[in-house]
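Q: Provided below for reference: sequence and predicted model.
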Amino acid sequence: MVIRRGLRSVLVTLALYLVSSAVVGYFLFHAQHGARGLETSAGLREKLGEMEAELAALGAERQDWEKRLNLMRDEAVDRDLLEERARATLGRVHRNDVVVMGR
């Protein structure tokens, strides 16, 4: 009887340690690999950096377009810009222009 009690207390203690270590292991695994884990947050930071770079490029492109639109909106339209856009749209070339054909 003493042996059974001793064995039972050892087994209960061992079972508690195993269950608690399994629970801790479960939470540690999901803290590392889960949907909001460390690996996912590193991937999200990388994606955020790419998106910020894209946003900066788009901002620069927008400023360029706004500058070109302001040239068209003024009371005196910039003749060079107007001529450039008209030629590009119509596909025409002025007789004094030199056209270099690429391969």
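A: Structure's in. What do you need? Remember, predicted model here, so these are calculated numbers, not experimental data.
Q: Figure out the helix or strand that residue 9 lives in.
A: helix 2-33 (DSSP states H and E).
Q: Show the subsequent helix or strand relative to that helix.
A: Later in the chain than helix 2-33, the nearest helix or strand by DSSP H and E is helix 38-73.
Q: In terms of secondary structure, what does the next helix or strand after that next one contact?
A: Next along the chain after helix 38-73, taking DSSP H and E as the criterion, comes helix 79-90. With contacts taken as 3 or more Cβ pairs under 8 Å, 6 or more residues apart in numbering; DSSP states H and E, helix 79-90 sits against helix 38-73. For the C-beta atoms, the positions are set from N, CA and C on the backbone; glycine is no exception.
Q: Tell me what angle the helix it packs on forms with helix 2-33.
A: With axes from the mean of the first three to the mean of the last three Cα atoms, to 10 degrees defining the directions, helix 38-73 sits at 10 degrees from helix 2-33.
Q: Against which helices or strands is helix 38-73 packed?
A: Secondary elements touching helix 38-73 (3+ Cβ pairs under 8 Å, 6+ apart): helix 2-33, helix 79-90.
Q: relative to helix 38-73, how tilted is the last one?
A: Relative orientation of helix 79-90 and helix 38-73, computed by the same axes, to 10 degrees: 110 degrees.
Q: so how far is helix 79-90 off the chain centroid?
A: Centre-to-centre, helix 79-90 and its host chain are 37 Å apart (Cα atoms, centre = their mean, to the nearest Å).
Q: Same question for the longest one.
A: Helix 2-33 has its average C-alpha position 42 Å from the chain's average C-alpha position, going by Cα atoms, centre = their mean.
Q: How many residues are close by residue 45?
A: By other Cβ atoms under 10 Å, 9 other residues sit near residue 45.
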